[in-house]
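Asks: mind folding the following:
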Amino acid sequence: MNTFSLELSIQVLKNIKIIMNKKKIIIGLFLLCILNGCAQSTALLGPAYTLVSTGNVYQAGFSYGSSKAVKKMTGKTATENIKSLVGNENIVSEKKEKKKKEFIVLVKNNIAKASRVLNLANQ
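Replies: Now for the predicted structure:
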C-alpha cells in the first residue's frame, strides 16, 4: 500500500466516526423527546445513565441506593421532594405579599384615624 491510500483510508475512518457520533446524538435527542414522559417514572434511569457515562459500577450503585433511601425515608422521590420545596417557596412568597398588603391597609387606616383626631382637636 502506498502512503496516499493509507492516508485516504485514515481520513475515511475519521469521517465515519464523526458521522456515527452525529447519529448517536440525533438518535439520543429523538429518544429523549419521545420518551420524556417515561423518564420520570423509571427508577433505574439515573443509575443506568451514570453507569454508561462513567463506567463506574460503585457510583451507579450509590446513586440507586441513595435514591431508594430518600424514597423510603420521605415517601417521595427526589423529583417530588424538589417540586414540593419549590411549591412551598411560591406559597410563602404569596403569604408574604398578602401580609404586606394587609400591613399597608392597616397603616393607611391608622393614619386616617389619627388625622381625623387631629382635625377634631384643632376645631
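
Asks: for the protein, which helix is longest?
Replies: The longest helix of the chain (DSSP state H) is helix 78-122.

Asks: give me the number of residues near residue 63?
Replies: 19 (other Cβ atoms under 10 Å). C-betas here are computed from N, CA, C, even on glycine.

Asks: do residue 112 as well
Replies: When neighbours are defined as other Cβ under 10 Å, residue 112 has 10 of them.

Asks: model confidence for it, exactly?
Replies: Note for residue 112: predicted pLDDT of 89.

Asks: gap between it and residue 101?
Replies: 17 Å (Cβ to Cβ, to the nearest Å).

Asks: do residue 28 as well
Replies: 49 Å.

Asks: now swap in residue 25 and tell me
Replies: 51 Å.

Asks: next one: residue 14
Replies: In this view, residue 14 and residue 101 are 66 Å apart by Cβ to Cβ.

Asks: ditto for residue 59
Replies: Look at residue 59 and residue 101: by Cβ to Cβ, they are 50 Å apart.
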